[in-house]
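Trainee: build me a model from this:
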Amino acid sequence: MKEIFDKIRREFAEYSKGERLFVLAMMLSSFFVSMEAAITRNAAQSIYTHIFGSTHFPYVWIASVPLNLFLVAFYNYFITRIGPYRIMVITVAVGLIINTFCAFLLPAVRPLAFFLYLWKDIFIILMFQQLWSVIHSTIKIGKAKYLYGIFFGMGGIGSVFGSLVPGFLAVRLGTEKLLLLTLPLYVVIVFMYKWSLAAREKIHLAQDIQTIDRDATDIMGGLQLIKKSPFLKFILLIVLIMQVSCTLLDFQFNVHVAAKLPDQDMRTEFFGRFFGVVNTVNILLQFVGAWLLVHLGGLQRAHTFVPLVLFCETILYLFFGGFPFMALTYGTIKCFDYSVFGIIKEMLYQPLKVEEKFKAKAIIDVFTYRSAKAVASLIILLLQYLFLKNILILLSVTLSFLMVAWILLIRSMFGHYHVKVRENFLEQ
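Mentor: Numbers count the residues shown, from 1 in each chain. This is a model prediction of the structure:
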């Protein structure tokens, strides 16, 4: 282990000034974006549960689909027309305005709770879509194994700090006023992103992110790239299954929590502390766990590890039931989503062309994530209509089948992945 870390340290010493500044800027960007998300997510989730109830989550998840379709179209159309930096500024400005209005007008203006819940997921995905598209176009494959873990790890640390805010201040300040604490973070995020773009200009052989074909930067351009590539279709499917599974568990977990903690501020405090634990585990997985999985077992085994663990935990809940096993399974999938799965999924984009890293990735990482929530919502609503009393158990049965399908997809996907790696090597 010491030899491995010595090797990484020696390689860092060989980086140019531009590369070091870029890595530092992206580490800090990931930290502050995740910190903001941790505050807003916990507040929005608790406010929505208080106003609409835990059984109404499927309706807001379904509503997210057309909004996400619009945002993906907006992003893909404007990415080369006004540039990544201006897109980032617009995203941050909208987030700042929404959080300010919600802090002062909730709970009096009840529809704002619906919109805040929609925006909190869209914002974090749009932010990381922009960060990771630049990272993919700058970092080479050989450096991705450890640098990606570092970027995610800094995000994990930011999430821990962000979770401390609702975890210890929700009851004291009130859930709505927590949103005001995110406002300074938006300014810092814009500054860090601008710094990272300036640093990458000094890096030799970084892909030119201004040369994407403008005629194909609408949403259809991204869909056409996915349609033509079997490999991108596999990425889309495993992301879809992961997010459907995450949403089903999200619903089950919120039903349990709403029954145990009916008070809004107490529930916000619990979410803050629960996700504080989740994010602490994330840090270990992001800095060490994911890298070890890839280094010792390879990328394919690392991908298989995720659904295999979730399958085992789902079976435990089916046999023993209760909140502790649900909290364990939900905590695990959240840990994986923010760390192991996030890192190894991002590594799949490395051998792709720059257009695929921006346009197709936007479809998969923004629209597919939210569409998965709609698919999960339809499953929940159907089961609620047919089997109201046994819905939590039936959802876990559904999850177990999804895990099996996920494992089978991974086996097929990596045949295409190795072809992409060879093509990328020959092009260089």
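Trainee: low-confidence ranges in the stretch 1-150 of the chain?
Mentor: Within the stretch 1-150 of the chain, the set of residues satisfying pLDDT under 70 comprises 1-14, 80, 140-146.
Trainee: chain center to stretch 30-43: distance?
Mentor: Taking C-alpha atoms, centre = their mean, to the nearest Å, the mean C-alpha location of stretch 30-43 is offset from the chain mean by 12 Å.
Trainee: and if you look at stretch 239-256?
Mentor: Once both centres are worked out by C-alpha atoms, centre = their mean, stretch 239-256 turns out to sit 14 Å from its chain's centre.
Trainee: count the neighbours of Ser412 for me.
Mentor: As a burial measure, the neighbour count of Ser412 was computed by other C-beta atoms under 10 Å and equals 11. C-betas here are computed from N, CA, C, even on glycine.
Trainee: can you show me the helices along the stretch 251-400 of the chain?
Mentor: Assigned helices in the stretch 251-400 of the chain, in chain order: 264-284, 290-292, 298-320, 323-338, 340-348, 354-355, 361-362, 369-386, 391-427 (criterion: DSSP state H, counting those that start in this stretch).
Trainee: give me whichever of the ones you listed is most buried.
Mentor: Per-stretch averages of neighbours, counted by mean count of other C-beta atoms under 10 Å, single out helix 361-362 among the helices of the stretch 251-400 of the chain, with a mean of 25.
Trainee: report all helices and strands that that helix contacts.
Mentor: In terms of contacts (3 or more C-beta pairs under 8 Å, 6 or more residues apart in numbering; DSSP states H and E), helix 361-362 is packed against helix 57-78, helix 111-136.
Trainee: contact partners of it?
Mentor: When contacts are defined by C-beta atoms under 8 Å, 6 or more residues apart in numbering, helix 361-362 is touched by residues 72, 75-76, 79, 129, 132-133, 136, 222, 349.
Trainee: okay, those in TSV with neighbour count next?
Mentor: Below are the contacts of helix 361-362 laid out as TSV (neighbours: other C-beta atoms under 10 Å):
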residue	neighbour count
Val72	26
Tyr75	25
Asn76	25
Ile79	22
Gln129	22
Trp132	22
Ser133	23
His136	22
Gly222	27
Tyr349	22
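Trainee: ok, so what distance separates the residue nearest to Tyr15 when sequence neighbours are not counted from Lys260?
Mentor: Spatially, and ignoring its direct neighbours in sequence, Tyr15 is nearest to Val23 (7.4 Å; C-beta to C-beta, 6 or more residues apart in numbering). As judged by C-beta to C-beta, to the nearest Å, Val23 and Lys260 stand 43 Å apart.
Trainee: more neighbours: which of the two?
Mentor: Using other C-beta under 10 Å, the more surrounded residue of Val23 and Lys260 is Val23, with 21 against 11.
Trainee: which ones are touching the more buried one?
Mentor: Going by C-beta under 8 Å, 6+ apart, Val23 touches 15, 147, 150.
Trainee: among those residues, which ones are buried?
Mentor: Buried members of those, counted by 16 or more other C-beta atoms under 10 Å: 147, 150.
Trainee: among the contacts of Val23, which are in helices?
Mentor: Using DSSP state H, the members of the contacts of Val23 that fall within helices are 147, 150.
Trainee: just the contacts of Val23 now: which is nearest Ala199?
Mentor: Of all the contacts of Val23, Tyr15 has the smallest distance to Ala199: 11.2 Å, by C-beta to C-beta.
Trainee: how about Thr247, nearest residue that isn't a chain neighbour?
Mentor: Ala376 (3.6 Å).
Trainee: hang on, I meant Ser377
Mentor: Closest residue to Ser377 apart from its sequence neighbours, by C-beta to C-beta, 6+ apart: Pro58 at 3.5 Å.
Trainee: and for Ile283?
Mentor: Taking C-beta to C-beta, 6+ apart as the measure, Ile283 lies nearest to Gly156, with 4.0 Å between them; neighbours along the chain are not counted.
Trainee: gap between Tyr85 and Arg20?
Mentor: 21 Å.
Trainee: again but with Gly276, I slipped
Mentor: Following C-beta to C-beta, the distance that separates Gly276 from Arg20 is 31 Å.
Trainee: cool, and Ser377?
Mentor: Counting by C-beta to C-beta, the gap between Ser377 and Arg20 amounts to 45 Å.
Trainee: over to Ile135?
Mentor: Ile135 sits at a distance of 15 Å from Arg20 (criterion: C-beta to C-beta).
Trainee: one more: Ser34?
Mentor: Ser34 sits 22 Å away from Arg20, going by C-beta to C-beta.
Trainee: can you pull the contacts of Tyr338?
Mentor: Listed by C-beta under 8 Å, 6+ apart, the contact set of Tyr338 reads 152, 155-156, 159, 278-279, 282, 286.
Trainee: what does Glu201 give?
Mentor: Shown here is Glu201, whose contacts under the criterion C-beta under 8 Å, 6+ apart are Gly18.
Trainee: likewise for Phe274?
Mentor: If a contact means C-beta under 8 Å, 6+ apart, then Phe274 has 327, 331 as its contacts.
Trainee: related to what we said a few turns ago, which SSE is the residue nearest to Tyr15 in?
Mentor: Using DSSP states H and E, the element containing Val23 is helix 17-52.
Trainee: from the contacts of helix 361-362, which two are the most distant?
Mentor: Using C-beta to C-beta, the pair of the contacts of helix 361-362 lying farthest apart is Val72 and His136, separated by 17.5 Å.
Trainee: surely Gly153 meets Gly289?
Mentor: No - under the criterion of C-beta atoms under 8 Å, Gly153 lies out of contact with Gly289, with a separation of 9.9 Å.
Trainee: more neighbours, the two?
Mentor: Higher neighbour count among Gly153 and Gly289: Gly153, with 25 against 21, using other C-beta under 10 Å.
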